[in-house]
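*Asks:* Using only what follows, build the 3D model:
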Amino acid sequence: MKKETSNEPTRSELEILQVLWEFGPSTARFVNDHLNQHIRPVIYMSTLKLMQIMVEKGFLEKDETNMKHIYRPAQEESKTKALLLDRVVDTIFKGSAGNLMMQLLGDKKMSEEEMETFRELIKKMDQK
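*Replies:* Got it, this is the predicted structure:
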């Protein structure tokens, strides 16, 4: 029986979710191979076990209708990222999205394209 997702994914769980969000429903073998090639060395059995735990935690769903089990995220990428970002804003920036933005803008260089996108976002916020 699946538990409702009430906690946040760990770093390793987020790595798995990122692969599934990018490539869609996949086998544990595919996820493991991608992690090994692009993220860091991991053992297949560790990836498989973690994905099974993620099913129990409600982070993944597993399709067992075929010989190879296919895993997919139980929640949309945007929902998970929004939840995690809200947690960061609440715990680190005392609930102030403005403080988060000031930190981001003060520490990182933005391309002209990113600046224009940011300006458009501010305009949309002003119109609400």
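*Asks:* how deep is Pro9 tucked in, by neighbour count?
*Replies:* 20 (other C-beta atoms under 10 Å). C-betas here are computed from N, CA, C, even on glycine.
*Asks:* what sits against it?
*Replies:* Leu17, Met54, Phe59, Thr80 (C-beta atoms under 8 Å, 6 or more residues apart in numbering).
*Asks:* Wasn't it part of a strand?
*Replies:* No: assessed with DSSP: H, G, I helix; E, B strand; the rest coil, Pro9 is coil; it does not lie in a strand.
*Asks:* returning to that earlier point: sort out which of the contacts of Pro9 are buried, if you could.
*Replies:* Leu17, Met54, Phe59, Thr80 (16 or more other C-beta atoms under 10 Å).
*Asks:* so what does whichever strand or helix holds Met101 touch, helix or strand wise?
*Replies:* In this structure, Met101 sits in helix 97-107 according to DSSP states H and E. Contact partners of helix 97-107 among helices and strands, from 3 or more C-beta pairs under 8 Å, 6 or more residues apart in numbering; DSSP states H and E: helix 77-92.
*Asks:* Could you check the angle the helix it packs on makes with helix 97-107?
*Replies:* On the basis of axes from the mean of the first three to the mean of the last three C-alpha atoms, to 10 degrees, helix 77-92 is oriented at 90 degrees to helix 97-107.
*Asks:* and helix 77-92, C-alpha only, in PDB?
*Replies:* The C-alpha trace of helix 77-92 is given here as PDB (Å, rounded to 0.1, in the frame of the first residue of the first chain):
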ATOM      1  CA  GLU A  77       8.000  18.200 -11.500                       C
ATOM      2  CA  SER A  78       6.600  21.700 -11.000                       C
ATOM      3  CA  LYS A  79       4.700  20.600  -7.900                       C
ATOM      4  CA  THR A  80       7.700  19.000  -6.300                       C
ATOM      5  CA  LYS A  81      10.000  22.000  -7.100                       C
ATOM      6  CA  ALA A  82       7.400  24.400  -5.800                       C
ATOM      7  CA  LEU A  83       7.100  22.400  -2.500                       C
ATOM      8  CA  LEU A  84      10.900  22.400  -2.100                       C
ATOM      9  CA  LEU A  85      11.300  26.000  -3.000                       C
ATOM     10  CA  ASP A  86       8.500  27.000  -0.500                       C
ATOM     11  CA  ARG A  87      10.400  25.100   2.200                       C
ATOM     12  CA  VAL A  88      13.600  26.900   1.400                       C
ATOM     13  CA  VAL A  89      11.900  30.300   1.400                       C
ATOM     14  CA  ASP A  90      10.100  29.600   4.700                       C
ATOM     15  CA  THR A  91      13.100  28.100   6.500                       C
ATOM     16  CA  ILE A  92      16.000  30.100   5.200                       C
END
